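J.: this one's structure only:
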């Protein structure tokens, strides 16, 4: 329960050396690394000093305490700003040695802030627009948890420093529209309004009135001189009491302090050089050597730790006394409750008994139905395709500014903002998000999907309408290269289930994953029930398994994924009639299977036999399994607009084609 | 030279049946196809009827006449709107039979409008936000050509119908910011403001004041009742005289005419059903059968053709009389002038003589220098990384609202808007765009790159900083999966040159391509000169070639791309010292090489020998060349922040590693 009342009056004379310490460290670290971005930290040093010394609630001794304020440097290239801050306020591990090793192999001060590398870095930034959009997810998570646990346990701010580039990226519009719509009044963005980007003055490419733009999205907007500590302090104090998200445009001089490069693109992205740094030291009246911070400055910064420790202690006492403690801790743990996984397993057994023929998107919807109410913090959603992607089940309430307890999020047609917001939710903790769109639109959110993977975040992507099987909407909506392109992202598990059992198993894989995102790839069209086992083990978890043994000594292996697995099964029958014995392998996760040990791989796909795979996508990547001489039945280019059955015939993705490719090789 | 003065007074009684014809065709076609989106065409029928009958200058007998107005249905799901319009105004080929065959295989009326399939369809739409953003490129191209050829030859409007979804997508912000900045006053957007999207009311996810948002980007905004023909006509007339781009918010009822589904999401994306259609026919007082249009309605629509034919004839006379005619025709042909290709060839010979060691981004910059002033209509640019991606050469003037004759475009940090605008420029014709960003940010513009490929547009993407070789910026900026993901896009040629000669050859491939986009993948870091031939042939054009023959009977083939080709050459030497004869193949375009005939492929990469490839990216896709048992030296996951040399050692992408993999197999 943050409060501004305890703050003593601001003393600009105390703030200046605190800010200059950030400037000096940024200059020195970039100079030593011979690369980096000094301009942004130097320009925003005053605002950052006021913000952190008087407004951010953060305990450097406990940088992951749940009710801390979150701080996101969306302008990730200015990473020295956050490293300097974390060092000055005394976060353990962010030592002067690490600052000296800025941008070197193995340091915890990489070129851009990376989640998991540096205590106190809340999210990975650098790709512009991601930070501000991720912060929206964090701020939403805060309100969602607040709705459940009250101010007593959850009551904090999300602070963002954003650059011109962040605001130029389209994703920022998706994010600010959502934040405004949700009235996320605990989200406060400081825009480093310095009128300079890499190419030069921002007016080379931008004349947008960003203040008016944020206002049009329902934000409160203030404008301050970003070097006037008192004005910044006043604006931040006001912002904390807002009933809407707040954007504070801080008019700054990039590289402030640098005698000739300040205010120019020359200070943006490269070392200032020895002469310029010497001049800056004089201009700032900072008579200290490189990487030298006087004790008096550390003493001034010590106030943050003091404030933070007190806030944390007060929170810990409330937490200790709370009768919601166990629930809260369990929800924050990020683990999927046993009850949810049990319910999903019961569901799998029921499906094995019922043998339904369903579109896998529908099967996915049924799986969600089985577990959704057993995961507190579950947040479903879709980019305005709810009915098509089967992400909403009966009983879920829509989340809104009037009901943060809602479990279902209507993101609008904003795939990129949706994915980034989900990253923010899992980074914040306590919220378990999944959301859906068509597979072809995974391209729209790819930069945020990549960050889920890079940050090891267990975000769940539901991508439906996964092939020409979607039919009439045509090539703009028919993914052909997307499976391959997603499988190429490291640490993303891609699952394309063949039937309702595999769809439920895919959900079990996704829900038990803790170290990275999962993409569920689902069909629009119906597919038959295929599984004949007892459901004792999750066969999808290792990526591929023998679905139908050959009826005699196997001569060829047929591998299918998703809805085309049924074609492989059908081809097995056709081949049998032609005297060829084929084994059928279902491969819901190709890249997972390829990463299994050789023993398992060879037990499923015999390396001495020819292999034919069938998937209504491109071959790209499949040679790793089928080999250069293997067969592949799939697409070779873009699709077309027609009913699905006509398309499968037209593109010759049929059981006949699979059988022919196999017979050629057997 | 369009003018509104000749227009007779609007007769609402004449407009109504013209609009109802659109409604009827949309209902009937969707019903017959059993899929599609009737709501949007029915809601915007009135606005579209006024727009086309009185404002769009278009000659159905000459649908690709250069000075026609461009019309973009950004809300591509409402494709029946554009097919109905094209049919009613008499575009050859858009017959009633085609309308009856809506969404069927081989028809020219696919589910979403597709460029090249239907005369009069100016761009492929459906993925939301693309249409409006592509239109910005068209409108800019119009002004660029106008700057060169004057009103006499180039003077037309770009009209857009956009939906809520278009405006929710982030790319729309990038596009409207650019259009406002460039003061594209010939761009007029009609927003179908119907408050309904797929999930239901738009206020489930959006409370943005879109009018204020467009105004903040420098647009003029008007608001009208989208069913009031006179009000629409007045707004359009006013819009045509604006000094800024115009957005007209048309308040409409989705599915207008449908008795129970109008105004609801129920009319959005599925057939209305027989009863509802019967009710609509009554409500609209449209007593005609399915696909039946009375002659009187065709007669009303005939005015468009009359106006268009007259405008075209007047233009043809001016064109005939113009002393700029030959230049204009040559520029519009889209062919790269011989002089430019000759200059590039001279440059290649000079590079072969000079043998420079350059970063391939720098080599690319030198290549541009050689030809840029010999291509009228060339439009360079970058997403705010001009100095880093080497896309600007001395002598180019920046394009701005004050100088549409500029050859260089500062797009700001807007990769997606940039790519879509380039699509618009090539679709418009007369402009030859290329633009650059870092390879990792190809993810930000992927949906538009896909459309370049799907529409066969010769857009040139310059993607630099192509691996861990970019060094300290770290994994957020280091592409590892991007080469594979781009190679997976059908009809995109991906070229990663190894030295300055290949960089120039890559430009020659890009400039001579007419049926699809090219991506040039370039390094930040220096790479040695490798080529020893005489430059008589473009060796890069077939994707791969023998760079260094083995010094004895070859035992293994080493394949390299980009900066790692030098490692393959070095490995050849190491292997020789170990008594192993290796051939070195340079493969600037892997997927191009894989598509060559087997004879050529086998002559370069002997299928009987083991293969080891080296590329500082993932293996995904490479098995197609090296085989399951082949060697690959590259990345297996994300990169790290450190100087480049340290990273190549850390990730063991070295000549030693290549030699070891080869020796194991030779």
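T.: Ah, there it is. Keep in mind the model is a prediction, meaning the values are calculated, not measured. Numbering: from 1, shown residues only, chains lettered A, B, ... in the order given.

J.: all contacts plus neighbour counts: C-alpha atoms, from now on.
T.: Noted.

J.: and the gap between residue A:287 and residue B:604?
T.: Counting by CA to CA, to the nearest Å, the gap from residue A:287 to residue B:604 is 64 Å.

J.: neighbour-wise, which of these two wins?
T.: A count of neighbours by other CA atoms under 10 Å in any protein chain shown puts residue B:604 above the other of residue A:287 and residue B:604, at 21 against 12.

J.: show the pLDDT at that one.
T.: Residue B:604 carries a pLDDT value of 98.

J.: thinking it is in contact with residue B:583, fair?
T.: No. Under the criterion of CA atoms under 8 Å, residue B:604 is not in contact with residue B:583, lying 9.2 Å apart.

J.: common neighbours of the two, please.
T.: Here residue B:604 and residue B:583 have residue B:546 as joint contacts, going by CA atoms under 8 Å, 6 or more residues apart in numbering or on different chains.

J.: so which bits of stretch A:600-611 are buried?
T.: Across stretch A:600-611, burial judged by 16 or more other CA atoms under 10 Å in any protein chain shown covers A:601, A:604, A:605, A:606, A:609, A:610, A:611.

J.: cool, and stretch A:553-561?
T.: Quick answer for stretch A:553-561 (16+ other CA under 10 Å): A:554, A:555, A:556, A:557, A:558, A:559, A:560, A:561.

J.: what do you get for stretch A:300-314?
T.: Buried residues in stretch A:300-314 (16+ other CA under 10 Å): A:300, A:301, A:302, A:304, A:305, A:306, A:307, A:308, A:309, A:311, A:312.

J.: which residues does the fourth one contact?
T.: When contacts are counted by CA under 8 Å, 6+ apart, residue A:304 touches A:52, A:53, A:54, A:56, A:57, A:58, A:59, A:89.

J.: and the third one, how far from chain B?
T.: From residue A:54 across to chain B, the span is 31 Å (CA to the nearest CA, to the nearest Å).

J.: and the fifth one, by the same measure?
T.: Noted for residue A:57: a distance of 28 Å to chain B, by CA to the nearest CA.

J.: and the buried residues of stretch A:600-611, which two are furthest apart?
T.: Farthest pair in the buried residues of stretch A:600-611 (CA to CA) is A:601 and A:610. Separation: 14.4 Å.

J.: re earlier: in a markdown table, list the buried residues of stretch A:553-561 along with secondary structure.
T.: Formatted as a markdown table, those follow (DSSP: H, G, I helix; E, B strand; the rest coil):
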| residue | secondary structure |
| --- | --- |
| A:554 | coil |
| A:555 | coil |
| A:556 | strand |
| A:557 | strand |
| A:558 | strand |
| A:559 | strand |
| A:560 | strand |
| A:561 | coil |
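
J.: now render those as a markdown table, adding pLDDT and distance to chain B.
T.: As requested, the buried residues of stretch A:553-561 are exported to a markdown table (pLDDT from 0 to 100; distance: CA to the nearest CA, whole Å):
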| residue | pLDDT | distance to chain B |
| --- | --- | --- |
| A:554 | 98 | 21 |
| A:555 | 98 | 20 |
| A:556 | 98 | 17 |
| A:557 | 98 | 16 |
| A:558 | 98 | 17 |
| A:559 | 98 | 16 |
| A:560 | 98 | 18 |
| A:561 | 98 | 18 |
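
J.: quick one: the helices in the stretch 101-250 of chain A?
T.: A:130-153, A:164-168, A:170-181, A:210-216, A:229-240 (DSSP state H, counting those that start in this stretch).

J.: what's the closest of those to residue B:179?
T.: Of all the helices of the stretch 101-250 of chain A, helix A:164-168 comes closest under CA to CA, at 13.3 Å.

J.: so which of the buried residues of stretch A:600-611 is the closest to residue B:661?
T.: Proximity to residue B:661 was ranked across the buried residues of stretch A:600-611 by CA to CA; first place goes to residue A:601, at 22.5 Å.

J.: excluding chain neighbours, what is closest to the residue in the stretch 151-300 of chain A positioned nearest to chain B?
T.: Scanning the stretch 151-300 of chain A for proximity to chain B using CA to the nearest CA identifies residue A:170 as nearest, at 3.9 Å. Excluding the flanking residues, the one nearest residue A:170 by CA to CA, 6 or more residues apart in numbering or on different chains is residue B:170, at 3.9 Å.

J.: is it correct that the one you found is in contact with residue A:171?
T.: Yes. With contact defined as CA under 8 Å, residue B:170 reaches residue A:171; the gap is 4.9 Å.

J.: shared neighbours, those two?
T.: Contacts common to residue B:170 and residue A:171, judged by CA under 8 Å, 6+ apart, are residue A:416.

J.: next one, pLDDT for residue A:3 please.
T.: In this model, residue A:3 carries a pLDDT of 48.

J.: how about stretch A:316-327: buried residues?
T.: Neighbour-count burial for stretch A:316-327 [16+ other CA under 10 Å]: A:316, A:319.

J.: so how far does it reach from one end to the other?
T.: OK, stretch A:316-327 end separation, CA to CA: 15 Å.

J.: list the neighbours of that stretch that are in contact with it.
T.: So stretch A:316-327 is contacted by A:149, A:152, A:153 (CA under 8 Å, 6+ apart).

J.: by neighbours, which of those residues wins?
T.: Busiest of these [other CA under 10 Å] is residue A:153, holding 21 neighbours.

J.: helices along the stretch 501-650 of chain A, start to end?
T.: Going by DSSP H, counting those that start in this stretch, the stretch 501-650 of chain A shows helices at A:565-577, A:590-594, A:598-604, A:623-626, A:644-650.

J.: can you say which of these is packed in most?
T.: Most buried of those by mean neighbour count (mean count of other CA atoms under 10 Å in any protein chain shown) is helix A:623-626; its value is a mean of 24.

J.: quick check, that helix touching chain B?
T.: Yes. Using CA under 8 Å from any CA of the partner chain, helix A:623-626 reaches chain B at A:623, A:624, A:625.

J.: so which of residue B:170 and residue A:171 has more stuff around it?
T.: The neighbour comparison of residue B:170 against residue A:171 (other CA under 10 Å) goes to residue A:171, with 33 against 28.

J.: what sits against the nearest residue to residue A:49 once chain neighbours are set aside?
T.: Spatial nearest neighbour of residue A:49, chain neighbours left out: residue A:19 (5.4 Å); criterion: CA to CA, 6+ apart. Taking CA under 8 Å, 6+ apart, we find residue A:19 in contact with A:45, A:46, A:48, A:49.

J.: and the stretch 301-450 of chain A, which of its residues are near chain B?
T.: So far as CA under 8 Å from any CA goes, the stretch 301-450 of chain A lies against chain B at A:384-387, A:400, A:410-416, A:441, A:443-444, A:446-447.
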